[in-house]
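# Provide a 3D model corresponding to the input given below.
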Amino acid sequence: MIAIIDYEGGNLTSVLRAVQHLGFEGEITRDPDAIDRAERLIFPGVGAAGASMDVLNRTNLTDLVKEQVVIQKKPFLAICIGIQILFDHSEEDDADCLGLLSGQVKRFPSSELKIPQIGWNQVYQVRPHPVFQGVPDGSDFYFVNSYYSIPDDSSVVIGETDYGIRFTSAVAKDNLIATQFHLEKSGPVGLRMLKNFCEWSI
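As a prediction, the model looks like this:
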């Protein structure tokens, strides 16, 4: 079973439906026993860093997620706001985040481009990873974001995207994968990446 972590954010049902469409069993939950039983975890969502961390802390999910990822070493996929809260700190709401990856989250610099970025954009694969199997380099994915992640360790970066600047749009380290773009809203290539994660053996 794949546990989709309920942090009171948007888009949980869309991810669940995508997982089920691919033929996998999923459940939206914040129940510690269900999360502990799950074979892998997904943290999807639309939201702000501060509000997301407030819910995780208030519902005692922060330590549970860290335990599942760091100690249990379960495959873990974070989507959209999920990639941002993996890092140490976000400029959004001046929020301290999970710290599972070292780095910061910054707002896009002012430019002629609209912020937030909303719509389709290309993802360039900067190093191979099983989650990209069958996905052509430069494929278009769907984004909704005003902030972007800056990892301290560039070796975790597996995908980059241009939006005024070139920014990190996908990371991977050990049992952890995260994308700034929405897999569940990105058509066949997004579903392919989601399927790759659901079948991924570490």
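
# In PDB, could you pull the C-alpha coordinates for stretch 131-141?
Presented in PDB, the C-alpha positions along stretch 131-141 are these (Å, rounded to 0.1, in the frame of the first residue of the first chain):
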ATOM      1  CA  VAL A 131      12.300   7.500 -12.000                       C
ATOM      2  CA  PHE A 132      13.100   8.900 -15.500                       C
ATOM      3  CA  GLN A 133      12.900   5.500 -17.200                       C
ATOM      4  CA  GLY A 134      11.000   5.900 -20.400                       C
ATOM      5  CA  VAL A 135      10.700   9.700 -20.000                       C
ATOM      6  CA  PRO A 136      12.300  11.700 -22.900                       C
ATOM      7  CA  ASP A 137      14.700  14.400 -21.800                       C
ATOM      8  CA  GLY A 138      13.200  17.800 -22.100                       C
ATOM      9  CA  SER A 139       9.600  16.600 -21.600                       C
ATOM     10  CA  ASP A 140       7.000  19.100 -20.500                       C
ATOM     11  CA  PHE A 141       5.500  18.900 -17.100                       C
END
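
# Might you calculate how far it sits from the centre of the chain?
16 Å (C-alpha atoms, centre = their mean, to the nearest Å).

# so what does the lengthiest helix in the chain touch, helix or strand wise?
Longest helix in the chain, counting residues (DSSP state H): helix 187-199. Counting contacts by 3 or more C-beta pairs under 8 Å, 6 or more residues apart in numbering; DSSP states H and E, helix 187-199 is packed against helix 12-21, strand 40-43, strand 140-145. Where C-beta positions appear, they are placed from N, C-alpha and C, glycine not excepted.

# most neighbours per residue, which of the ones you listed?
strand 40-43 (a mean of 25; mean count of other C-beta atoms under 10 Å).

# Show residues contacting it.
The contact list for strand 40-43 (C-beta atoms under 8 Å, 6 or more residues apart in numbering) reads 2-5, 7, 15, 19, 26, 35, 65, 68-69, 74-79, 82, 85, 197-198, 200.

# Tabulate the helices and strands packed on helix 187-199 in JSON lines, adding columns for mean pLDDT.
Formatted as JSON lines, those follow (pLDDT from 0 to 100):
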{"stretch": "helix 12-21", "mean pLDDT": "95"}
{"stretch": "strand 40-43", "mean pLDDT": "96"}
{"stretch": "strand 140-145", "mean pLDDT": "97"}
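
# could you dump the ones you listed to CSV with distance to F108?
CSV is the format used below for the helices and strands packed on helix 187-199 (distance: least, C-beta to C-beta, whole Å):
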stretch, distance to F108
helix 12-21, 24
strand 40-43, 22
strand 140-145, 8
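
# How many residues are close by V46?
16 (other C-beta atoms under 10 Å).

# Can you give me every residue that contacts it?
V46 neighbours (C-beta under 8 Å, 6+ apart): G9, G10, N11, C80, I81, V144.

# What segments of the chain are strands?
2-5, 26-29, 40-43, 76-79, 89-90, 95-96, 103-107, 117-122, 124-125, 140-145, 147-151, 157-163, 165-173, 176-179 (DSSP state E).
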